[in-house]
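Q: coords below, sequence missing:
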């Protein structure tokens, strides 16, 4: 029996009851005189909206909605401001984001090796827990932003710092870890340490470990690090939720959840401070993926302990997805995304480059004989596969596995998603629609920047780079595009990301170094990017009947903006600020308490 399907059916019963309520029902609150962008089937714009008991009971003109007015109704005059559905972020890592808000943070900055060292040394000097065996965790290292371009750090970079402490530096893309020699010693890493499945250990010219650990090789280090105390995890969760509220996120999908994260959010939820609807995907490791029964048992255990059933007014937790990794990242110097053809290498010089095909095409972490059975098994158990795939080979083999799954598990309730899809072969564009697979894209990556130009362009070659970040092409092929920030891979800035989704340009203050568009792939329309971060993202979570649009019967998860998304110049979309965030009609964030609610 599929308990998740019963939950979905239950929500439809709830909605049917709400939709049947008489039009004369009195409202708790009416929002009027606004630009109410509904994201309904017609993308209609209305003037007024009424809320009762956390749900929308009327949407229309001021005169139509006024029928729900009573003496006790609170009336908010929007004064022409834009009201829209709350944002649904379909792929992020909020606990990691919260960790970065409270620790040694490199802030995604481009910096020289000397600046990199100075920043970490300052963290060491300021840390009251500075003692011999206390690990220092460093977050948000923009590896591709080290200067001069093309330089990389290694264990010696950290060994020269004034400390005997083990140091653990996490790259901002979360696919590379840098550690010092002290940390390698504690982890027992030697020249003879074998690469784990799903990851690799980098070595220097002498054959010694260089201090860089890619993907699941980082777990060799994590395994020996002390576990953070539970109160730290709760602090991180609360910090993350605060940032989500300010950005207008009312539902999030944690795309790689483990037990400590789930426990922390459960603690927050029990304290009444969970201010966004929380969805979690436990990760199926490469080792576990080879044992489908074990993978299913693990998912069922996580769901039994943490899933809280049908959606209600108050935010709760759901566990109905599974995370799988097909490959790593396409950027230099990692080159761990799995490609159909090899990365290019420079056989010329820096001043006279000559790029030719090399020997490295990356590798899929889950070959078909492993991926196909585990995807089928988790789907049969009622879980939705959420697959990380960046390179064109990884994307193709993920689609192949879902094709097998669709044959063996024809249940349309299973809604697979493939996250990132950065280098997808054009032959595979139409397969997303054909297989009902949602590509979950991080729009902010589709811009000229250090991690796309210097770290990617020459190594992919003109043809592959011309179709990198193919949101427009996927949409044209019929795909349902959803948005996921992947925070903290980048700073959480949903409105900048939506701007890039439309323009495919960087911030104007970078145009001197990174002008123009990333490539010729078309951008998305404003309506399409809004739908990607509302209804389409809600669809991936089986929530489209509850949130994602402003329609009668749905939860009043809504945001009020300081300007109109549709009437300002494209480049100004990034400047939008959320004035008010509401979850089930309850205000959880106001930018300015004196003005955000309007007047009575």
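A: That came in fine, so what should we check first? Computed from a prediction, not measured in an experiment: that's the story for all the values here.
Q: can you give me the strands in the stretch 351-500 of the chain?
A: 355-357, 384-389, 417-420, 438-441, 482-483 (DSSP state E, counting those that start in this stretch).
Q: the helices in the stretch 501-600 of the chain, which residues?
A: Applying DSSP state H, counting those that start in this stretch to the stretch 501-600 of the chain gives helices spanning 526-532, 535-540.
Q: for the helix or strand hosting residue 234, what does the pLDDT average out to?
A: If you go by DSSP states H and E, residue 234 is part of helix 230-247. Helix 230-247 carries an average pLDDT of 96.
Q: what do you get for stretch 376-393?
A: 98.
Q: endpoints of that stretch, how far apart?
A: Terminal residues of stretch 376-393 lie 20 Å apart, using Cα to Cα, to the nearest Å.
Q: stretch 405-415 too?
A: Terminal residues of stretch 405-415 are spaced 11 Å apart (Cα to Cα).
Q: please report the distance of residue 455 from residue 146.
A: According to Cβ to Cβ, to the nearest Å, residue 455 and residue 146 sit 10 Å apart. In short, each C-beta sits where N, CA and C put it, glycine included.
Q: show the pLDDT at the residue sitting furthest away from the middle of the chain.
A: What lies farthest from the middle of the chain is residue 71; by Cα atoms, centre = their mean that is 43.4 Å. At residue 71, the model reports a pLDDT of 96.
Q: any idea which element it lies in?
A: With DSSP H and E as criterion, residue 71 is part of no helix or strand.
Q: now the residue nearest to residue 37 when sequence neighbours are not counted: how far from residue 55?
A: Computed as Cβ to Cβ, 6 or more residues apart in numbering, the closest residue to residue 37 that is not its neighbour in sequence is residue 84, at 4.5 Å. The spacing between residue 84 and residue 55, counted by Cβ to Cβ, is 17 Å.
Q: ok, now residue 342?
A: 55 Å.
Q: neighbour count: those two, which is higher?
A: residue 55 (22 against 16; other Cβ atoms under 10 Å).
Q: I'd say that one and residue 553 touch.
A: Yes. At 6.3 Å, residue 55 and residue 553 qualify as touching, with contact defined as Cβ atoms under 8 Å.
Q: three-state assignment of the nearest residue to residue 124 once chain neighbours are set aside?
A: Nearest non-adjacent residue to residue 124, counting by Cβ to Cβ, 6+ apart: residue 163, 5.0 Å away. Of the three states, residue 163 takes coil under DSSP: H, G, I helix; E, B strand; the rest coil.
Q: quick one, what contacts residue 295?
A: Residues near residue 295 by Cβ atoms under 8 Å, 6 or more residues apart in numbering: 284, 288, 289, 322, 374, 377, 378.
Q: so which strand or helix has it?
A: Going by DSSP H and E, residue 295 is part of helix 292-306.
Q: ok so, going back, who's in contact with whichever strand or helix holds the residue nearest to residue 37?
A: Taking DSSP H and E as the definition, one finds residue 84 inside strand 82-85. If you take Cβ under 8 Å, 6+ apart as the criterion, strand 82-85 is touched by 31, 34-39, 49, 250, 530, 534-535, 547-550, 557-561, 563-566.
Q: try 6 Å this time
A: 31, 34-37, 39, 534, 548-550, 558, 560-561, 564 (Cβ atoms under 6 Å, 6 or more residues apart in numbering).
Q: swap in stretch 569-586?
A: Here stretch 569-586 has contacts from 51, 54, 245, 248, 250, 313, 495-496, 498-499, 502-503, 555-563, 588-591, 596, using Cβ under 6 Å, 6+ apart.
Q: filter those residues to the buried ones?
A: Among the contacts of stretch 569-586, those classed as buried by 16 or more other Cβ atoms under 10 Å are 51, 54, 245, 248, 250, 495-496, 498-499, 502-503, 555-562, 588-590, 596.
Q: ok, now how distant is the nearest residue to residue 127 once chain neighbours are set aside from residue 492?
A: Closest residue to residue 127 apart from its sequence neighbours, by Cβ to Cβ, 6+ apart: residue 136 at 6.6 Å. According to Cβ to Cβ, residue 136 stands 24 Å off from residue 492.
Q: that older thread, between the contacts of residue 295, which sits nearest residue 508?
A: residue 322 (40.7 Å; Cβ to Cβ).
Q: how far does the helix or strand that contains the closest one sit from the chain's center?
A: Assigned by DSSP H and E, residue 322 belongs to strand 321-325. How far strand 321-325 lies from its chain's middle: 13 Å, per Cα atoms, centre = their mean, to the nearest Å.
Q: stretch 359-375 too?
A: 22 Å.
Q: likewise for stretch 73-92?
A: For stretch 73-92, the distance to the chain centre is 21 Å (Cα atoms, centre = their mean).
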